[in-house]
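Q: Just to be clear, the model below is a prediction. Sequence and coordinates:
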Amino acid sequence: MKRVISELLFLAIVTTLPINAARAQRPAAPETLIRNATVLTVTRGTLQNTDVLLRNGKIAAIGKNLNASANARVIDGTGKYVMPGIIDCHSHSMLDTINEGTLAVTSMVRTEDMLNPTDVDLYRELAGGVTTLNLLHGSANPIGGLNTVVKIKYGRPAGEFLFPGAMPGIKFALGENVKRSSQPNQPGVTRRYPNTRMGVEEVIRDAFTRARDYKRAWDEYREASKREKNLIPPRRDLQLEPLVEILEGKRYVHAHCYIASEILMLISLADEFGFKIKTFQHVLEGYKVAKEIAAHGAGASIFADSWGYKIEAYDAIPYNAAIMTRAGVVVSMNSDSDERARRLNIEAAKAMHWGDLTEEQALKLVTLNPAIQLGIQERVGSIDVGKDADIAIWNGHPFSVYSRVDTTFVDGEVFFDREKDLARRPELAKERAALEQAEPNRPRTQGPSPQTPRRRPSKHEDDDMEVEKP
Amino acid sequence: MRTLLVLVICATSLFAQQIGNPTTQDGVTPPRGTIAIRNAKIVTVSGPDIERGTIVIRDGKIEAVGANVSVPAGAQTIDGAGLSVYPGMIDAGTNMGLVEVPQGANGTVDLSEVGDLNPNAKAIIAVNPHSAHIAVTRVEGITSTLTAPTGGLISGQAALINLLGTAPKEMAVVPQVALVINYPRLGGGGGGFGGFQQPANLADTLTANERQVDQIRKMLRDAEAYGRAQDAYAKDKSLPRPDRNVVLEPLVPYVRGQQPVIFRADREAEIRGALRFADEMKLKPIILGGNDAWKVVNLLKEKNVPVILTGVFSLPQREDDAYDSLYENAAKLQQAGVRFCISTGDAGPEVRNLAQYAGMAAAFGLSKADAVKAVTLYPAQILNVADRLGSIEVGKMANLVVTDGDLLEIRTRIRYLLIDGRSVVLSSRHTELNDAFKNRK
Amino acid sequence: MPKIRSRLVVASALLFLFAGASNAQRSAIDTYAITNARIVTVSGPVIERGTVVIRNGLIAAAGANVTAPSDARVIDGTGLTVYPGLIDSYTNLALPEAAPSPSPGGGGGGGFFLLQQQQRPAAGPNSTQPVGLQPEVMVEDVIRPGGNEIESSRNIGITTALTSPRSGIWMGQSALINLAGESPQQMIVRSPVAMHVGFTPLRTGQYPGSLLGVFAALRQMMLDAQRYRDSLQVYERAPRGTRRPETDRSLAALIPVIDGRMPVVMLANSEREISRALDLGAEFKLKLIIAGGREADRVADRLAKQNVPVLLSLNLPRRTTAALPEADPEPLRVLRERVEAQQTAAKLAKAGVRFAFQSGSMNNISELLGNARTTIENGLQVADAVRAFTIWPSQILGVQDQLGSIEVGKIANLTVTRGDLFDRNSRVTNVFIDGRPVDLRPAAAGGPGAGRSSVSGTWTVNIKLEGQADQSITLTLQQEGERLSGSISGPLGAGEISNASASNTGEVRFTVSVNVEGQTKEATFTGRLANNEIRGNVAIVGSAPGTFTATRSGQPN
């Protein structure tokens, strides 16, 4: 249902162009002028009765009475709010698989291999004003797989989603999930190490020790091979290479964690090995150790108010964002759920309700702060001239529960438009009726019964958060 | 081995201590008295808003409401200038107080009995008044919840409780407010905890479901016969005295259509099946869930069956459903004249966000006034307690929320809270943890 | 004539005794001429009326002015059309039955992968790698001649097939076989042809247990193979003073792959699966071939640009189920996919992507040509459809000098039809493989599943567990080829069966969760179908073993 006409058009184009070429040759986004809107810049406050000009995929100008070229699309923004596209710093959308759970260290796996650009939840997220996702590996391992930062270019091939210049990252995880607390012992099956938070530390320490040795072995080889010819190089190890990048500061660590002790554990381990944790993810007890997190220079990417769904989430409080923000931590609000991702504006507003953050501080939780956490703050996260035209137009203040998104732009192109969505519904119904008559789609008179509909697979990395509805 | 066992027990008991409710009011229910809220905007819900008025509360009840009501002598007064008073919100689809931590602390889970047919399982028996969830929820303006057991085919009887009290008895508004039937699902897993695994193909699922419906049918028929036999004996003692049966006895008012039966049903075919079954058995049905209710509006209207919508914040049921199909479900029911209310459908932790569920429905077509009703008056009507709850009217229970703005807006704060005419301190496990850590240097 | 017959007997006997060395013996009687036939040479123009001469297993002559040699057996081809023998470019023909998978399915890539999951790959002895990651496995080691499936394929005019390992990640190396011959040696045209990559995670609890891990494991092994190759070179240059690299058959098998000498066939159907394969191929500069290719048209230009051919499955998706009012409507995406899959071939041809047709594990091979006709109705040129069964697969698989067209010197694999190959009413009248006619059975013989007893239907299962009263449950089974699905219901609970399989010898196996004394346990049923009963053993985790007997209580719906 959600296949936009632009997608169909696009398919016609893309089938004739290889991905990279397509990116290069795709015609620039049409120029758009939004007139007389309330603009939530994030960096420079709220601007009333202001125009925003989108040109060549960038925010070209912000101000009063702006001029656009003759063929520009002009949108009357009277009564509307323009907000930067929301950035979700913890998502598993569009991933065909999120966990490689067989090993405790899976730094060799890459979420980039798993992208499914046709995931309809992407469209639903666009309809919530979201434009960028940090796609993370699941939380089955102390050291998990590599992340992928994407712009939601729903309808395009996977290659076009990749956020150019985003810092490479990796998922770590601590606590109940990596201990496999919710998995019962199977008779005759050896439990995977680790089984305790002690073992979690041990696994990470061991991995970084090996990574150091690995780096040393290569350095020595490179040195020695200048003098000697017949040397066999060390084995290239895809598991250790990302860890070397972390040690060299070239890869961001996004560490899933819950309780205060494990947060402190990872900080001290990272300090010992000389690397930084870029974000603690979830970090439900971050408020207890906010100053230590701030001192390490780590960010925190949290839920607004989820709590109580398991033991390690029992001390979570909705004041977490406020306490950490005041302690100097860069905080973002994430979804970890295709459902919640659709209403991150509400999640951000909760930090005003609980903990008295200012509107600007709360806005940053889903815009500039996650951009900083992903190393893309020069491109997105605020409405500033020169930044990517990733924005959403809302029919009211995005922190009002009564507001919804009218239009979402990515790189200046419209990827969601409510009016077009409504207009397309009868067309899709017609298409369905026609397709159902096509020979390969007709039910068989002698065929077996259709399948029992399956529960939509939960895309929570913490499956256990899906508390059963009564 | 023994040491291990001892360790486990120690650990468990330590834990049990940890997860109490450290509010200052723990164990003490605040007193009633005479309270007046003055100069406030009063959103009565049942009638027009009063822009500036007074509410007088005495002995737990609303004694007077109006623009020109005077404050009785000796009343405790709340200055409502710049504030708004709403009836407390009601979430008609929770497991509040039946589960503290669903994962990893099985000892705190009292949701689902063993076996498929448990009409005698009563939520009110197991509700934990000291659950941290209760204070966490009420300080956001939710004053009452329907709390329901889960699992099996007949899950048990739900209670309507106020979120205040030292004992379940004090909390109960209606101790047994509805029977909960887990109408067999057509997909999307079984009925929660202890649900059934389903066959792979739909024809087999339908057959299996029919067998399960048969089990329910048989028990309800038994209860009907049981009730008749008891009545007959009461009138004519010459008949043989029928034995009492604790399982069938609680079913009698439900099979006689005197009390409502809640059917969990989301898919169109499930809703239709539940309505057919309710017709056949002459029950008084309520649909809980109702994700596909927008597809069944005519039938729901015709049968005058209300729906407790729990899926406002669920992803659309099917890949091809419109992105807003569940956001606008409520508006579609409203337009069609189907009775409904909005619930979080949550076990406990998320119930405090009820206002946002209603607000989102208002962002997609429901009027703001109806959105407020959907979490106040409508649930009260559906649960037959509109004479006591759901609006600000003289004689109703004084469950009141005083806010600094629109009840459903995220940024709005609750300033005062009254439940059953008792003024409640706005603290919870969360505010106390906040207080303990916010100034840590 | 009597003389010929006696020589034939002698020849057959010799053939039997010295299977490998029999070619010379049969030359004299293996001369055939098909006269007055329409000849679709594929490599050149169609000869409207001409003769094809076959001698010594090869095409000796073909043309309008060719006359039948005097020693030839003459077949009057009036009204017949001679095509090069058809090539099915992706099959599991001539391979042993798959053993049931030891562990749960699920996950993985598209439907094609799921299909493969039920099957255990062959194992390489002394491998350094777990089963499923053994590129050294070669199907030529396990090829077995004969069988219903080969015969069914021949009946519709297929003379040659690429046969590839059934499953795995590094699945192993395929062989191109002619579908006649008494020994593997006689059948093999070329081996190995290609390395095969499936993306099915290991289901043993070992790494890689997910598609994420599969890609990482593929990359790591290719890197390891590069180092192995380099180490061997270093060692060869300077054995003295260099530590001897350990021999590794798995890595050795990958060296021709990473050197771009051996093509790699990757199973990929959806747009994203194909894109991933293309990315991996480009990353390691592989000589890539896509197999499956249902949505290949969506990446046609990348395929053309990277010069990656497609072994396009003619197992066209279609709805298999009946209507049921309670069912959800099928997703628009699925409805579109089924319709669009019929157009893929035409779009690939138009975009200049090389492709060859394959049967894609279809249940009933007799639908193959009908499905090809569907692609023609959706825009594919008839001549291209013929090419996709003949010259194109021969080029893609590197046997264009031996097969794929009617040219002098090529292997005499010929398919003779009455009526055009793709006509609804055409009939295969003669098939020559390696210059010899093969017996054709009436088309009614059906597909590979035909003749097999099916266990589909409803069964009443009586279970005897030691020390317990007998239990009776209802079992519903649905068999499609070796795939088995179904469910149980009754006093042990209701649930779906998993890890289920039914072999063509009647062995049935499945696992299901049962409820025993209030606990959910795994029960594994293994039994054999005989006389309309399934008898066998049931093993329940943590309980004493038991036996079961299933009797039919209903036929499949």
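A: Sure thing, it's come through. Residues are numbered from 1 along each chain as shown, chains lettered A, B, ... in the order given.

Q: With adjacent residues omitted, what lies nearest to B:Q212?
A: Distance criterion CB to CB, 6 or more residues apart in numbering or on different chains; nearest residue to B:Q212, sequence neighbours excluded, is B:P184 at 4.5 Å. Any C-beta I mention is one placed from the backbone N, CA and C, and that applies to glycine too.

Q: Correct me if wrong: that neighbour contacts B:I154.
A: No: contact criterion CB atoms under 8 Å: B:P184 and B:I154 do not qualify, at 11.7 Å.

Q: Show me where the stretch 201-350 of chain A has its helices.
A: A:241-247, A:260-273, A:290-296, A:320-326, A:344-353 (DSSP state H, counting those that start in this stretch).

Q: For A:A173, find the nearest of those.
A: Using CB to CB as the measure, helix A:260-273 is the one of the helices of the stretch 201-350 of chain A that comes nearest A:A173, at 9.8 Å.

Q: and C:S501, what element?
A: Applying DSSP states H and E as the criterion places C:S501 in strand C:495-502.

Q: got the CA positions of that strand in PDB?
A: Provided in PDB are the C-alpha atoms of strand C:495-502 (Å, rounded to 0.1, in the frame of the first residue of the first chain):
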ATOM      1  CA  GLY C 495       1.200 -27.200  17.500                       C
ATOM      2  CA  GLU C 496       2.900 -27.100  14.300                       C
ATOM      3  CA  ILE C 497       5.500 -29.700  13.300                       C
ATOM      4  CA  SER C 498       9.000 -28.700  12.400                       C
ATOM      5  CA  ASN C 499      12.100 -30.300  11.000                       C
ATOM      6  CA  ALA C 500       9.700 -32.300   9.000                       C
ATOM      7  CA  SER C 501      10.600 -34.400   6.000                       C
ATOM      8  CA  ALA C 502       9.200 -37.400   4.000                       C
END
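
Q: how about the closest residue to chain A within the stretch 401-550 of chain C, secondary structure?
A: As assessed by CB to the nearest CB, chain A sits closest to C:Q478 within the stretch 401-550 of chain C, at 5.8 Å. Using DSSP: H, G, I helix; E, B strand; the rest coil, the structure places C:Q478 in strand.

Q: Now that it has come up, it's in contact with C:I497, right?
A: No: in this structure, C:Q478 is not within contact of C:I497 by CB under 8 Å, at 9.8 Å.

Q: what does the stretch 201-350 of chain B have sitting close to chain C?
A: Residues of the stretch 201-350 of chain B found near chain C (CB under 8 Å from any CB of the partner chain) are B:201-204, B:206, B:208, B:211, B:269, B:318-320.

Q: Filter those residues down to the buried ones.
A: Buried subset of those (neighbour count, 16 or more other CB atoms under 10 Å in any protein chain shown): B:201-204, B:206, B:208, B:269, B:318-320.

Q: Quickly list what the residue of the stretch 401-550 of chain C closest to chain A is bridged to.
A: C:S485 (DSSP bridges).

Q: Quick check: which element contains the residue nearest to B:Q212?
A: Using DSSP H and E, B:P184 sits within no helix or strand.

Q: Can you report how many residues lie near it?
A: 27 (other CB atoms under 10 Å in any protein chain shown).

Q: Now do it, the pLDDT please.
A: In the prediction, the pLDDT value recorded for B:P184 is 90.

Q: How much space separates it from C:A494?
A: Distance, B:P184 to C:A494, using CB to CB, to the nearest Å: 11 Å.

Q: And the longest helix belonging to chain B, what does it pack against?
A: Ranked by residue count and defined by DSSP state H, the top helix of chain B is helix B:202-235. Judged by 3 or more CB pairs under 8 Å, 6 or more residues apart in numbering or on different chains; DSSP states H and E, helix B:202-235 is in contact with helix B:252-255, helix B:268-281, strand C:483-489.

Q: Tell me where the model's unsure across the chain.
A: I went with chain A, as the question did not name one. Counting by pLDDT under 70, chain A shows low-confidence ranges at A:1-25, A:182-184, A:186, A:188-189, A:455-470.

Q: my question was about chain B
A: Applying pLDDT under 70 to chain B flags the ranges B:1-28, B:188-198.

Q: in it, which spans are helices?
A: B:2-18, B:123-126, B:132-138, B:168-171, B:202-235, B:252-255, B:268-281, B:297-303, B:329-336, B:354-363, B:368-373, B:377-382, B:429-437.

Q: What parts of the stretch 301-450 of chain A come near chain C?
A: Applying CB under 8 Å from any CB, we find that the stretch 301-450 of chain A lies next to chain C at A:428, A:431-432, A:435-436, A:438-450.

Q: In helices, which of those residues fall?
A: Going by DSSP H, the helices hold A:428, A:431-432, A:435-436 from those.

Q: Filter the residues you listed down to the buried ones.
A: A:431-432, A:435.

Q: Using a markdown table, lay out those together with distance to chain B.
A: What follows is those, written out as a markdown table (distance: CB to the nearest CB, whole Å):
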| residue | distance to chain B |
| --- | --- |
| A:E431 | 11 |
| A:R432 | 8 |
| A:L435 | 12 |
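
Q: Name the nearest of the residues you listed relative to C:L529.
A: Nearest member of these to C:L529, counting by CB to CB, is A:L435, at 39.7 Å.
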